[in-house]
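Participant: no letters, just coordinates:
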């Protein structure tokens, strides 16, 4: 018996597990809990429309006349698929219900979708970015390249002269908050098509984008359906981090080696997944209703305002940062060449604030 | 860009997707819906204790004072972990909360757990068995051997003179309903230890076992903690097929190449999974409460009685079958050398009954 040696390539501890451990340690030594500005968790409750829908779903499951077992389709519940498709059409983009795959969350999809591709492919990952992309591809044993983001490119790396097969993009970027414009996304799409690469587009924070220049979906860019899979989440939009629901779009037009990736993903999901919770799906559908969207607006405004408060505070003490405008989080430059690890500790122990270290 | 060629090794359509498609086709042509005896879905509603707990969980998520975001631990919610650990101790087996990993269901775990192992390992799978084991390992590119089950061995294959690294066992077996005795499981455990193999023990239907000879957990067998991972589900026990909650046990004593598989699985889950729905987990914890267990008893009795009715019917028309005593389903020998595919069609079109074809 041999273990999967790729597991040994992972760092001993997942970044957010370590942050959680350090937070707990802090809490055990202090009476006042720290201010948590670390993992992208939410603090505001689920909107009433979704609470009602989930309550109804629970009741349905409690009565024989309305009980639901396994979902009828590998794509998800009809009601939710229809609401998602409708949302895209409001953005002027046509996405069919059979191109949508509801899941238990974007993190699972971001890792699992890479099963579509050979272990021999080369992956291009922005740096810094959400660490799960790297971990999933280390696990799959793929060669990994990084596209460097920094002050010099506004933390928005553009395609360079490298060959890569799988391109992870995240806009607004987690953790820098930098967001690609429509024109920049077009450059990535053209590059992917030229290289015959596939983009995995993480849109988990799209609800914080605003303005014509920043599309909520990569499919607003011409040609994207032929080269991009989009991964979305209800976690940040609707406070579903504990409810668990997300979805991915694998367009019909996405074909490689004469095979439909949509069909291959259908087959993979049928073999290794049994759908998201019916209750969560009903909650997610309600979030996308007119009433749900109206109720969400003030919550999204609240997080936006928090980002503004932090931004003003950082400016007032003279710390450089990016993000906060198209995202609910900010990426701060550590003062005096302190390492991010040291600043994380200083911030926690000195000010009772939990951040996320990164470089 | 190269696709994962292992995807092409899968049959065009997952078995249960095909059965669902044929059922839909039948429904479109008939007024009376067919009797569904196919996929192991449930028909009775969730027990009141779980409905109340899930209703409470939904309410908690709707108020800022009680809102929950991401789960605190990669293992699951404390309340559920404690209830699962307690259940094992009632069976005389000690399983720590840090050896339990709550998931969105057994199907996901049965496939994902194989990521612990190299693609070079050889897998031994009983035949017939739940098709997801085969699919997940085809996808991972592993060499696959089958241990043949038939009338001659009571559909309970025992170890033979083959070398294998990963052994899938399912007891009661899905779909044959044949269940291993404690003594037979001991033979498998000894074999696994001798071969340095790891058993993936699918206990999804354990709640239908009865009698001292048929342990509900492989850990009732001495030495199993050093060689077995157990995969469990609330789907069949509590009607959670749509709610989605399961768990796996990776014991502390399970070590290969000087590495703790429990630690490696913790790391994998942190990288690629974000926990089961909080609502589902609270429902599952309530299922395991005294009240929940009391309420479940009659439901399990109902499915057992259905199996008895089917068994009597089959006997009366002279069809040979196995299962139905330690499982809620039966495995029927097709009459007159009809193929299982042909009999599936005959049963559906002639009698309006959906079965699952298999050989």
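Facilitator: Noted; the coordinates are in hand. Everything numeric in this text was worked out from a predicted model, so none of it was measured.
Participant: CA atoms for contacts and neighbours, from now on please.
Facilitator: Will do.
Participant: now the strands: where do they sit in chain A?
Facilitator: A:35-36, A:100-103, A:122-127, A:143-148, A:166-170, A:198-202, A:228-233, A:246-249, A:255-256, A:259-260, A:321-323, A:330-332, A:353-354 (DSSP state E).
Participant: can you put these in CSV and add mean neighbour count, mean pLDDT and distance to chain B?
Facilitator: Converted to CSV, the strands of chain A look like this (neighbours: other Cα atoms under 10 Å in any protein chain shown; pLDDT from 0 to 100; distance: least, Cα to the nearest Cα, whole Å):
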stretch, mean neighbour count, mean pLDDT, distance to chain B
strand A:35-36, 14, 92, 12
strand A:100-103, 26, 98, 10
strand A:122-127, 23, 96, 8
strand A:143-148, 16, 96, 13
strand A:166-170, 24, 97, 7
strand A:198-202, 25, 98, 8
strand A:228-233, 27, 98, 12
strand A:246-249, 24, 98, 11
strand A:255-256, 16, 98, 7
strand A:259-260, 14, 97, 9
strand A:321-323, 20, 95, 23
strand A:330-332, 21, 95, 20
strand A:353-354, 20, 95, 15
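Participant: out of those, the one nearest residue B:182 is which?
Facilitator: Residue B:182 lies closest to strand A:100-103 among those, at 37.9 Å (Cα to Cα).
Participant: could you say what helices and strands the closest one packs with?
Facilitator: Applying 3 or more Cα pairs under 8 Å, 6 or more residues apart in numbering or on different chains; DSSP states H and E, we find strand A:100-103 packed against helix A:78-90, strand A:246-249.
Participant: what residues sit buried inside stretch A:5-21?
Facilitator: By neighbour count on 16 or more other Cα atoms under 10 Å in any protein chain shown, the buried set for stretch A:5-21 is A:5, A:6, A:7, A:10, A:14, A:15, A:16, A:17, A:19, A:20.
Participant: which of those residues scores worst on pLDDT?
Facilitator: In terms of pLDDT, residue A:14 ranks lowest among the buried residues of stretch A:5-21, with 82.
Participant: contacts only, for that one.
Facilitator: When contacts are counted by Cα atoms under 8 Å, 6 or more residues apart in numbering or on different chains, residue A:14 is found next to B:267, B:270, B:271.
Participant: return the member of these nearest to residue A:240.
Facilitator: Lowest distance from residue A:240 to these (Cα to Cα) belongs to residue B:270, with 17.9 Å.
Participant: for the closest one, give me its contacts.
Facilitator: A:14, A:17, B:74.
Participant: reformat the residues you listed as TSV; add distance to residue B:352.
Facilitator: What follows is the contacts of residue B:270, written out as TSV (distance: Cα to Cα, whole Å):
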residue	distance to residue B:352
A:14	52
A:17	53
B:74	45
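Participant: wait, residue A:203 touches residue A:174, no?
Facilitator: No. Taking contacts as Cα atoms under 8 Å, residue A:203 lies outside contact range of residue A:174: 9.8 Å.
Participant: the two: who's more crowded?
Facilitator: Neighbour totals were compared for residue A:203 and residue A:174, and residue A:174 leads with 25 against 22 (other Cα atoms under 10 Å in any protein chain shown).
Participant: that older thread, nearest to residue A:253, of the buried residues of stretch A:5-21?
Facilitator: Checking those one by one against residue A:253 (Cα to Cα), the nearest turns out to be residue A:6, at 32.6 Å.
Participant: the closest one and residue B:356, how far apart?
Facilitator: As judged by Cα to Cα, to the nearest Å, residue A:6 and residue B:356 stand 38 Å apart.
Participant: the residue nearest the centre of chain A and chain B: what is the separation?
Facilitator: Compute the mean C-alpha point of chain A, and by Cα atoms, centre = their mean the closest residue is residue A:204, 3.2 Å away. Distance, residue A:204 to chain B, by Cα to the nearest Cα, to the nearest Å: 14 Å.
Participant: likewise for residue A:241?
Facilitator: Where chain B is concerned, residue A:241 sits at a distance of 5 Å (Cα to the nearest Cα).
Participant: tell me the pLDDT at that residue?
Facilitator: Value listed for residue A:241 in the pLDDT field: 97.
Participant: might one say that it is in contact with residue A:204?
Facilitator: No. Look at residue A:241 against residue A:204 with Cα under 8 Å: they stay out of range, at 11.4 Å.
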